[in-house]
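Peer 1: Here is the input, now give the coordinates:
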Amino acid sequence: MKIGKKLVQAVSFNPTEKSHKMTVLDMCKKIETLDITLPLYQRDVSWTLNQAIDLLNYQLLGKAPVAPISMNVIWDTDDFVPQVSFIDREMLEMNSVDKGQMSVVDGQQRLTTNYKAYSNSDDFRNIVLDVARGRFLLVEGAFTRSQIPVGMLLNKDDAVFYDYLTKNNMMKDPTFMTVLVQCRSKIRSYYYTINQAEDLSEDEQIEWFEVLNNAGSRVSALQMRFSKMKVHGIDIYTMYTLKFKNKLLEYGYDFFSPQKTSVSYPIAALNPAYEVVTDKMHTDAYAPIPSDTKENQLCALKPNVLVECFDMTLKALDKSIEFITDNNVSAPDRMDYINYLTGYFVYNPEPTEEQMAGLVEWYENVDFNNKSNSKRRTIFTQMLNM
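Peer 2: Okay, here's the model as predicted:
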């Protein structure tokens with residue numbers, strides 16, 4: 001009986017043996033000295049202020065540990081994913097990455113949150129610890145006497161922390177001051193388990209991220225796949241997805257709640273353009289629906305061809321909006337109408353009057369409600385064949 005070599009190698013290696021612990025303070029110091037960095041594909045993944053507050057509160061009040069941080073340690077400095085700094089998200093020079101560099105695969109939002117508090121980032125200027133209410137809050141306007149900015153409470157410099165207490169008369173109440181010192185100490189000494197791998201390729205890192213995050217990773221994985229294109233000067237957010245979203249918002253079409261749709265729908269809308277630039281015959285698998293995004297195929301295109309896909313899709317989006325306005329049809333109540341029309345105009349940039357009449361009839365009669373993905377793919381194919 002044959003036994004696979006990869007299986008023999010896998011069972012002899014236990015990656016959990018390299019797990020270890022590190023405090024929030026130690027991680028922040030390593031971020032500051034660039035000993036902990038981010039792979040380029042992680043640069044644009046970010047949390048809202050409310051999500052950051054949730055983490056701060058859990059570290060302070062939670063009864064169970066926060067999930068581990070996953071890091072890839074770079075030993076092969078001749079072949080690794082380009083790195084960016086947590087501090088300014090700028091790319092590091094390749095020759096500045098030393099052996100043993102720690103690169104975050106999963107957990108960058110948690111580390112970013114703690115580092116922004118440690119460095120008193122202006123992004124966190126309205127986050128405070130409210131001692132009276134016993135939790136971190138987002139506030140507008142002046143702080144009350146029972147509130148301290150998170151950037152002062154968790155500031156990297158002890159002198160800055162105590163100076164703030166002195167100037168705001170917080171030290172007049174020994175109990176109040178003691179509680180703040182305890183809060184500062186607890187979060188700075190909070191331990192994270194670090195799960196560690198070594199010299200993973202970009203695809204291996206993204207696969208690890210997706211396994212860790214399961215279904216919740218879809219949007220982040222999309223963003224990460226496209227972030228690597230920044231090496232070639234392509235920023236999909238500014239060059240495409242933001243433009244796509246803003247064109248719709250200008251006409252009062254806001255289909256981007258929850259947040260995930262602001263990424264998945266614009267990316268799905270690129271499917272028809274991909275088929276056009278690669279001279280593919282249309283297949284159901286390339287319908288412009290979020291479940292069928294083709295990020296891997298798009299990222300494999302030459303940069304100039306990918307930009308062509310952006311331009312082609314945005315022009316078709318303009319035609320879709322004009323179609324709705326010029327033909328006095330009812331406003332769309334879901335994003336599918338927009339994506340399907342956009343896909344149609346990618347394939348048919350100059351439709352005849354007869355085709356336009358057929359498109360109006362299609363628009364007024366199509367029903368997307370309670371349709372399976374398979375049925376939605378069929379609807380798009382039938383639309384193209386009208």
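Peer 1: Make sure Gln196 is indeed in a strand.
Peer 2: Yes. Counting by DSSP: H, G, I helix; E, B strand; the rest coil, Gln196 is found in a strand.
Peer 1: That one touches Lys21, doesn't it?
Peer 2: No. Contact criterion Cβ atoms under 8 Å: Gln196 and Lys21 do not qualify, at 11.3 Å. Using the backbone N, CA and C atoms, a C-beta is placed for each residue, glycine as well.
Peer 1: Between these two, point out the one with more neighbours.
Peer 2: Applying other Cβ atoms under 10 Å to Gln196 and Lys21 shows that Gln196 carries more neighbours, namely 19 against 11.
Peer 1: separation between that one and Ile36?
Peer 2: Using Cβ to Cβ, to the nearest Å, Gln196 is found at 12 Å from Ile36.
Peer 1: Please apply the same query to Glu275.
Peer 2: Taking Cβ to Cβ, one finds Glu275 at 42 Å from Ile36.
Peer 1: any low-confidence regions in the stretch 201-350 of the chain?
Peer 2: Residue ranges of the stretch 201-350 of the chain with pLDDT under 70: 210-224, 228, 256-262.
Peer 1: ok, and the closest non-adjacent residue to Arg225?
Peer 2: Distances taken as Cβ to Cβ, 6 or more residues apart in numbering place Glu295 nearest to Arg225, at 4.1 Å, with adjacent residues excluded.
Peer 1: surely that neighbour meets Leu270?
Peer 2: No. The pair Glu295 / Leu270 is not scored as a contact, 9.1 Å apart, by Cβ under 8 Å.
Peer 1: higher neighbour count, these two?
Peer 2: Between Glu295 and Leu270, Leu270 has the larger neighbour count (other Cβ under 10 Å), namely 29 against 17.
Peer 1: how far away is Ile236 from Leu298?
Peer 2: Ile236 is 9 Å from Leu298, by Cβ to Cβ.
Peer 1: Can you check which residues contact both of the two?
Peer 2: Common neighbours of Ile236 and Leu298, using Cβ atoms under 8 Å, 6 or more residues apart in numbering, are Phe226.
Peer 1: the strands in this protein, which residues?
Peer 2: For the chain, the strands defined by DSSP state E occupy 20-23, 36-39, 69-74, 83-84, 101-106, 127-130, 135-138, 147-149, 191-198.
Peer 1: Check the ones you listed for me and report the most buried one.
Peer 2: Among the strands of the chain, ranked by average contacts under mean count of other Cβ atoms under 10 Å, first place goes to strand 36-39 (a mean of 25).
Peer 1: Any idea how far that strand is from the middle of the chain?
Peer 2: With Cα atoms, centre = their mean, to the nearest Å as the basis, strand 36-39 stands 15 Å off its chain's centre.
Peer 1: And the contacts of it?
Peer 2: The contact list for strand 36-39, computed with Cβ under 8 Å, 6+ apart, reads 27, 30-31, 71-72, 81-86, 89, 92, 97, 101-105, 108, 111, 202, 205.
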